[in-house]
Structures are given as C-alpha cells and as structure tokens.
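**Student:** Model the following, please.
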Amino acid sequence: MRLATFNLLHGRSLSDGTVHAGRIADAVADLDADVLGLQEVDRAQPRSGHLDLTAIAADALGAPAHRFAAAVAGTPGETWHPWQSEDDNIHPLYGIALVSRYPVLRWQITQLPAAPVRSPVWAPGPGGGLILLKDEPRVMIAAVVDAPTGPMTVATTHLSFVPGWNVRQLRAAVRALRALPAPRILLGDLNMPAGPVRAFTGWRSLARRPTYPSPAPRAQLDHILADPRGAAPLGPVVQIRTPAVAVSDHRPLVVHLDPDHTARS
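**Tutor:** Numbers count the residues shown, from 1 in each chain. Coordinates of the predicted model:
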C-alpha cells in the first residue's frame with residue numbers, strides 16, 4: 001500500500017512559471033500511490049489553464065475514486081471569498097483533493113476556519129519574496145476506503161501558515177477523524193515541522209524527510225501520520241520517497257507500507 005501527499009502549487013513549475021497538464025500527470029503517475037492527498041489544487045482557474053487538477057491526478061493513477069473540496073471561490077492572492085455552497089462553483093475554485101484507487105465507502109468534509117490576522121509568507125519563483133497575506137479558510141477531506149486490509153480512514157488537509165493557528169486547526173482535524181473508523185491516516189501540508197505535529201497530536205509520523213523547498217529541501221512541512229489508537233498497525237514502512245518532480249515548490253512524500261510483512265516473518 002502506497003500513501004502519498006503532494007502540495008501541487010496549482011501545478012506550476014518553478015523553472016518557467018507555467019502550468020502544463022502533462023507535467024502534472026507525469027509527476028503524479030511517478031508516485032504510484034494507492035491513496036494520494038493533494039493540496040493547493042485549482043479547478044477552472046485562469047492561471048492554470050482552466051484545468052481540473054484533481055481529474056488529471058486521478059487519471060494519472062487510474063484511480064476511480066476522487067473528490068475535490070474548495071476552500072475558496074476566486075483566486076488566492078487576488079480576489080476571493082470563502083467557499084460557501086454549490087452556488088460558488090460558477091467561480092474559479094481552489095482547495096484540496098483526495099484520490100483513491102480503493103473504493104470509498106464514505107466521504108466527510110470538515111471546515112477549518114482561517115486565521116483572523118494577516119501574516120508574512122514567502123512567495124517562491126520570479127517576482128516572489130516576502131509578502132503579507134490574508135489567511136484563507138482551510139478544509140479537510142476524509143474518506144473511509146475499502147482497502148485490501150479492510151476499511152480504513154484516510155484524510156488530507158492543508159493547514160494555515162500562521163503559527164499557533166495551524167495547531168488549533170490540527171487539533172480540530174484530529175478530533176474530527178477520531179469519529180471515523182480506525183486505522184486512521186492523515187496526509188497533508190501541515191505547515192509545521194514534525195516535532196510540534198507529534199507533540200500536538202500524539203500521532204506517529206510514518207516518514208521523517210525534508211520536503212520544502214523542492215530544489216534543495218531543508219524543512220518537512222508535508223506529513224503522513226498514523227493514529228496509534230484503535231486498530232492494529234498497517235504494517236511496517238518499507239520505503240520512503242521524496243522524488244524531484246517538474247512542478248511545485250514542495251516535493252511529494254510517498255510511504256510504502258507492507259501489511260503482509262508480519263504474516264511472512
């Protein structure tokens with residue numbers, strides 16, 4: 001079983017600042033993930049050629065189950081408002097997605113409110129730099145998937161860049177997930193390093209690798225976490241990858257679990 005998380009930066013390449021469907025598909029296909037959490041996902045955005053990035057990722061993995069959840073309607077950094085209802089789907093959308101090769105038995109969306117203050121953040125690429133941004137609302141997608149080992153909960157989110165507020169969101173996400181069946185996995189860009197993530201959740205990190213910035217990663221912002229409560233382990237981690245790909249300022253994080261290892265040993 002391969003689990004992966006990938007902040008797409010809406011599919012943009014740092015080398016030339018453009019978005020190409022083929023580059024995104026190749027990057028996702030290389031992950032060979034059974035369940036993939038995606039962050040900074042565009043749908044019908046002019047800046048990404050009006051592409052449906054969730055559908056591109058699902059096609060690249062041959063994954064029949066997928067769901068996009070908008071956090072905002074409009075374009076981050078320009079004009080936007082919090083996504084409120086299906087009526088907002090006439091706008092360009094931005095959010096997160098979960099893609100699964102396994103059948104999904106149940107979906108759940110959890111809203112995570114935005115920080116009430118503006119904060120400095122580093123914008124990568126040409127014309128980037130330190131800018132003061134209004135935080136966006138956040139969202140979490142959870143799916144109960146029918147995996148080969150039985151039903152399990154897998155979720156993805158993208159937390160605030162505002163220190164302290166992302167901790168509040170992380171705690172809310174964990175509370176929501178504990179209402180769903182174990183075993184439980186959380187994939188995502190949590191915008192904090194592994195130490196605080198473990199301290200504030202008690203969940204086990206399945207991979208400790210730097211993922212940001214992509215050309216020469218120095219920090220781990222992207223995580224794959226397992227809830228130690230309520231179920232037998234899913235098996236040992238037999239491989240961890242953070243491949244260099246042609247899109248985004250983050251590297252994807254991929255964990256390969258072997259649930260049959262204990263039975264064979």
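**Student:** Okay, and Arg175 sits in which element?
**Tutor:** Using DSSP states H and E, Arg175 sits in helix 165-177.
**Student:** so what strands line up beside the helix or strand following that helix?
**Tutor:** Using DSSP H and E, the helix or strand that follows helix 165-177 in sequence is strand 184-189. Here strand 184-189 is paired, per DSSP bridges, with strand 150-158 (parallel), strand 222-226 (antiparallel).
**Student:** Let me have those in a markdown table, extended by distance to Gln239.
**Tutor:** In this view, the C-beta of every residue, glycine as well, is placed from N, C-alpha and C. Converted to a markdown table, the strands paired with strand 184-189 look like this (distance: least, Cβ to Cβ, whole Å):
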| stretch | distance to Gln239 |
| --- | --- |
| strand 150-158 | 18 |
| strand 222-226 | 12 |
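**Student:** most neighbours per residue, which of those?
**Tutor:** strand 222-226 (a mean of 26; mean count of other Cβ atoms under 10 Å).
**Student:** Run the angle between it and helix 165-177 for me.
**Tutor:** Calculated by axes from the mean of the first three to the mean of the last three Cα atoms, to 10 degrees, strand 222-226 forms an angle of 30 degrees with helix 165-177.
**Student:** before we move on, the earlier item: can the strands paired with strand 184-189 go into TSV with extra columns for mean pLDDT and distance to Gly11?
**Tutor:** Output for the strands paired with strand 184-189, formatted as TSV (pLDDT from 0 to 100; distance: least, Cβ to Cβ, whole Å):
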stretch	mean pLDDT	distance to Gly11
strand 150-158	97	15
strand 222-226	98	16
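**Student:** Excluding covalently adjacent residues, which one is nearest to Ala219?
**Tutor:** Tyr212 (5.1 Å; Cβ to Cβ, 6 or more residues apart in numbering).
**Student:** Tell me who's in contact with Ala182.
**Tutor:** Applying Cβ atoms under 8 Å, 6 or more residues apart in numbering to Ala182 gives the contacts 152-153, 227, 229-231.
**Student:** 10 Å instead?
**Tutor:** Taking Cβ atoms under 10 Å, 6 or more residues apart in numbering, we find Ala182 in contact with 151-153, 226-232.
**Student:** quick one: it from Arg229, how far?
**Tutor:** 7 Å (Cβ to Cβ, to the nearest Å).
**Student:** what's the pLDDT at Val121?
**Tutor:** As predicted, Val121 sits at a pLDDT of 69.
**Student:** and what of Pro116?
**Tutor:** 85.
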